[in-house]
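Sequence plus the predicted model coming up.
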Amino acid sequence: TTNARMALPCFDEPEFKAVFTLSIITRKNQTVLSNTTWLNENNDDFVMTSFEPTPPMSTNLLAIVVGEYDYIEDFSSSGVKVRVYTGPGRQEEGRFALKKSAMENWGLVIFRETALLATEGISSTNILNRVAVVVAHEIAHTWFGNLVTMDWWTYLWLNEGFATWISYLCVDNIFPEYDIWSQFQINEISVAMNLDSLQSSHPIEIEIGAPSEADEIFDKISYAKGSSIISYLYEYIGDTVNHGIP
């Protein structure tokens, strides 16, 4: 969350946004990725890859990936190119996550292999459900969290709670056969209520005094209880609120 300061001088807090322009020098035959598409490469003994300037964004969103990868790609309904990069030889396992490409991607989203790679007809339904929810969660962050950003870590619950709730909403729209809201009751609401019954529970909004404290609140209270409260709010307000949003 607050490790950009280890890579470059910066105001490493979410309310401060900047445009990043990167040039990265690597060995040949290595894949180089960042938040934007690359502009050019200078091929000598080493390769310098330059990237387009990013949109204004918080430092914790800056991503750099270097390694040996294969990929598959497709285009969204509006023509946005989306790629899934995997370890060598595993790119076909990324096709399930890629094929519902109506969920457009901004930048570079990094996943654990277990949260991204799956094969329809081979992987279990639980694994396919998990991949769908995790991908939707991270794509949701491209708007809520990345474009629209909390000004301090105290409001992490709103950032993660919204992305968690809307990930189920997206999956329900794309895969109605998953009955995903039943899983929301089990995975989020029930978990939140169980955790909230313990003495070790804490409010979803915790005052953070220093960036070093932020990692401590990336827990199920922020995710599960936060998304549960947003779900209750949605049920109360309903879809009609959308008519008042420009």
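Received the coordinates, thanks. Worth saying up front: this structure is predicted, and the values here are computed from it rather than measured. Numbering: from 1, shown residues only.

what's the least confident helix or strand in this structure, going by average pLDDT?
The weakest-scoring helix or strand in the chain, judged by mean pLDDT, DSSP states H and E, is strand 38-43 (a mean of 75).

What are the contacting residues of that strand?
With CB atoms under 8 Å, 6 or more residues apart in numbering as the contact definition, strand 38-43 has outside contacts at 28, 32, 47, 48, 49, 50, 51, 52. Where you see a C-beta, it was placed from the backbone N, CA and C, and this is true even at glycine.

List the contacts of the residue sitting nearest the centre point of the chain.
Centroid-nearest residue in the chain: residue 138, 2.2 Å away (criterion: CA atoms, centre = their mean). For residue 138, the contact set (CB under 8 Å, 6+ apart) comprises 109, 111, 163.

hmm, try it at 7 Å
109, 111 (CB atoms under 7 Å, 6 or more residues apart in numbering).

among the contacts of strand 38-43, which are in strands?
Residues of the contacts of strand 38-43 located in strands (DSSP state E): 32, 47, 48, 49, 50, 51.

Could you measure from the nearest residue to the fourth one once chain neighbours are set aside over to residue 81?
The reference is to residue 49. Leaving aside its chain neighbours, residue 49 sits nearest to residue 32 (4.4 Å; criterion: CB to CB, 6 or more residues apart in numbering). For residue 32, the distance to residue 81 equals 17 Å [CB to CB, to the nearest Å].

Looking at those two, which one has more neighbours?
Between residue 32 and residue 81, counted using other CB atoms under 10 Å, residue 32 has the larger neighbour count: 20 against 11.

so the more buried one bridges to which residues?
Beta-bridge partners for residue 32, by DSSP bridges, are residue 66.

was I right about it contacting residue 23?
No. Residue 32 lies out of contact with residue 23 (CB atoms under 7 Å); the separation is 10.0 Å.

Good, wrapping up.
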